[in-house]
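Engineer: here are the coordinates; sequence isn't available:
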């Protein structure tokens, strides 16, 4: 095997495939975390008007995974479906990883006590509700996975093209 072929093509492609593999692994880990957390898609749930009963900031059980995310926005609201009154407490569907204090305060500031709000509820189980379809938190693991995977794919294409151009010009 020609040393120039190894230097210009094999080594870069192996490194790039490794980077792409890490990106794919990160995306897989992120998808599994979402699945375990019970991420619920509520975009197509019915909406109805509701009233905010109380708003407060609760401490979140912090562990090694959630350093700096020690607060949980707690919003209690009431809504009526088919002439039956329900009460909900979830701002976002699924489990929460907690929020920084500033982020949690920003969320609860959107919901003044005695204010009116759109409530999303499951038409098959009206006791299941949330105020927003998903958390606005940045998912760094997912973002890193997409960046590494995209970088790897683009770099692999570029490196392959350049290697063939260089090797073609050398011979």
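Structural biologist: All right, it came through fine. Every value quoted in this text rests on a predicted model; they were computed, and no experiment measured them.

Engineer: Just name whatever secondary elements the longest strand along the chain is in contact with.
Structural biologist: Using DSSP state E to define each element, the chain has its longest strand at strand 46-59. Contact analysis of strand 46-59 by 3 or more Cβ pairs under 8 Å, 6 or more residues apart in numbering; DSSP states H and E lists strand 71-81, helix 101-108, strand 116-122 as its packing neighbours. From N, CA and C alone the C-beta is placed, and that goes for glycine too.

Engineer: Can you list the neighbours in contact with it?
Structural biologist: 70-81, 87-88, 101, 104-105, 108, 111-121, 123 (Cβ atoms under 8 Å, 6 or more residues apart in numbering).

Engineer: quick check: mean pLDDT across that strand?
Structural biologist: Strand 46-59 carries an average pLDDT of 91.

Engineer: Report the strands that pair with that strand, each with its relative direction.
Structural biologist: strand 71-81 (antiparallel), strand 116-122 (antiparallel) (DSSP bridges).

Engineer: Let me see the domain layout of the chain.
Structural biologist: Residue ranges for each domain of the chain read 3-36+142-170, 46-133, as given by automatic domain parsing.

Engineer: hmm, back to that, pull out the buried residues from the contacts of strand 46-59.
Structural biologist: Buried members of the contacts of strand 46-59, scored by 16 or more other Cβ atoms under 10 Å, are 70-77, 79, 81, 88, 104, 108, 111, 117, 119-121.

Engineer: Report the angle between the longest strand of the chain and helix 101-108.
Structural biologist: Interaxial angle of strand 46-59 relative to helix 101-108 (axes from the mean of the first three to the mean of the last three Cα atoms, to 10 degrees): 150 degrees.

Engineer: Noted, bye for now.
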